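Visitor: Predicted model and sequence follow; I will ask about them next.
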Amino acid sequence: MSNLPCYDRPHVAKLRVLAFGVMMGNTKDKLRGGQPALGGWIMIGHPSVAEILAGEGCFDWLAVDMEHTSTTVRMFHELSLAVKGTGVDLLVRLPGLDPQLTKQVLDSGADGIIVPSVNTAAQAQEAVAMAKFPPAGHRGASLCRATDFGRNFAPYYREHNNRVLVVCMLEHIDAVRNVDAILAVPGIDATFIGPYDLSASLGLAGQTGHPDVLAAQQTILAACQRHAVPAGIHVVPTDGAEVSRRIAQGFRFIACGIDTEFLQFAARHMFREIKRG
Ligand code: 3PY
Ligand code: MG
């Protein structure tokens, strides 16, 4: 594999131009500065997957999916070790509003949480509260890995509430209806549209390009812009041009595919080339 930074490789050159000069760095700082923060999605819970993706030097963040996989807290801990020192923020998509699991993944080294199906302001408030230490929230304090087993307790505790990333997924038509109330909740660092669940909630499961689904996405995007909360979306099939289009549309917190999709895409692409001769 090339040691060149990914932006110096031909296959990502277009992304560099269209992505407003994105450089790897701190996700939260980029979002605060109005810059796109590009991520990858980890469904295969092996540390090598995290190590390979982080080693590409392109992703601002990687999210470990604990909603739709069998990934355990112990596996997450190993994934966190695999990206240590890379500068990539490691996030967890939780299975739901789960304060216990939130404590465990943050204690193991997660830089933030992505909470699925936030449909009401009360749910958004709980999403923020479970990620933060008192008085802002109710995360418990401990001498866990995140604090370097206590050696870094005081600075970690002091800086955590400001540093932790809280992303609320808006992926149901109820969330679209309540979007202004949800976005009025302080402490949401970004929203994130799940196009599949959003389509399913409209009775259009999987029809992510249906005009009603796109209209719901647009309502969320416009509301995020009104409330100055970075809007996010999951670009599921591997498609750099679509990522660039979403950035141009105004999205800022973007998942650029999934590890499983990257594998399928590369295999299909290769066999297509072989067939073409
Ligand atoms: C969805 O499309 O519903 C998702 O959750 C994508 O992450
Ligand atoms: Mg979903």
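Guide: Sure thing, it's come through. Ligands and ions are numbered 1, 2, ... in the order given.

Visitor: Could you list the residues of the stretch 101-250 of the chain in contact with ligand 2?
Guide: When proximity is defined by CB under 5 Å from the ion, the stretch 101-250 of the chain lies next to ligand 2 at 171, 194, 197. For the C-beta atoms, the positions are set from N, CA and C on the backbone; glycine is no exception.

Visitor: got the contact list for the second one?
Guide: Each residue near residue 194 by CB atoms under 8 Å, 6 or more residues apart in numbering is listed here: 116, 169-171, 234.

Visitor: Make JSON lines out of the residues of the stretch 101-250 of the chain next to ligand 2 and add distance to residue 31, pLDDT and secondary structure.
Guide: Listed next are these as JSON lines, based on distance: CB to CB, whole Å; pLDDT from 0 to 100; DSSP: H, G, I helix; E, B strand; the rest coil:
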{"residue": "171", "distance to residue 31": "19", "pLDDT": "98", "secondary structure": "coil"}
{"residue": "194", "distance to residue 31": "18", "pLDDT": "98", "secondary structure": "coil"}
{"residue": "197", "distance to residue 31": "23", "pLDDT": "98", "secondary structure": "helix"}
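
Visitor: which SS state does residue 64 fall under?
Guide: What DSSP: H, G, I helix; E, B strand; the rest coil gives for residue 64 is strand.

Visitor: Could you list everything it pairs with in the sheet?
Guide: Applying DSSP bridges to residue 64 gives these bridge partners: residue 42, residue 92.

Visitor: Neighbours of it, how many?
Guide: 26 (other CB atoms under 10 Å).

Visitor: so it touches residue 79, yeah?
Guide: Yes: here residue 64 reaches residue 79: they are 5.6 Å apart, a contact under CB atoms under 8 Å.

Visitor: for the closest residue to ligand 1 within the stretch 1-150 of the chain, what are its contacts?
Guide: With CB to the nearest ligand atom as the measure, residue 116 is the residue of the stretch 1-150 of the chain nearest to ligand 1, at 6.2 Å. The contact partners of residue 116, taken as CB under 8 Å, 6+ apart, are 67, 93-96, 169, 171, 194, 197.

Visitor: Now with 6 Å, please.
Guide: 67, 169 (CB atoms under 6 Å, 6 or more residues apart in numbering).

Visitor: Does residue 215 lie in a helix or a strand, and which?
Guide: helix 211-227 (DSSP states H and E).

Visitor: Tell me which residues are up against that helix.
Guide: Contacts for helix 211-227 (CB under 6 Å, 6+ apart): 170, 176, 179-180, 183, 191, 193, 198-199, 202, 204, 231, 250.

Visitor: do stretch 71-82 as well
Guide: Contacts of stretch 71-82 (CB under 6 Å, 6+ apart): 45, 47, 50-51, 64, 90, 104-105, 108-109.

Visitor: Which two of the residues you listed have the greatest separation?
Guide: Greatest spatial distance among the contacts of stretch 71-82 (CB to CB): 51 and 104, at 21.8 Å.

Visitor: between the two, who's got more neighbours?
Guide: Counted by other CB under 10 Å, residue 51 and residue 104 do not tie: residue 104 has more neighbours, with 18 against 15.

Visitor: Just want the residue of the chain that's nearest ligand 2.
Guide: Relative to ligand 2, the nearest point of the chain is residue 194 (3.2 Å; CB to the ion).
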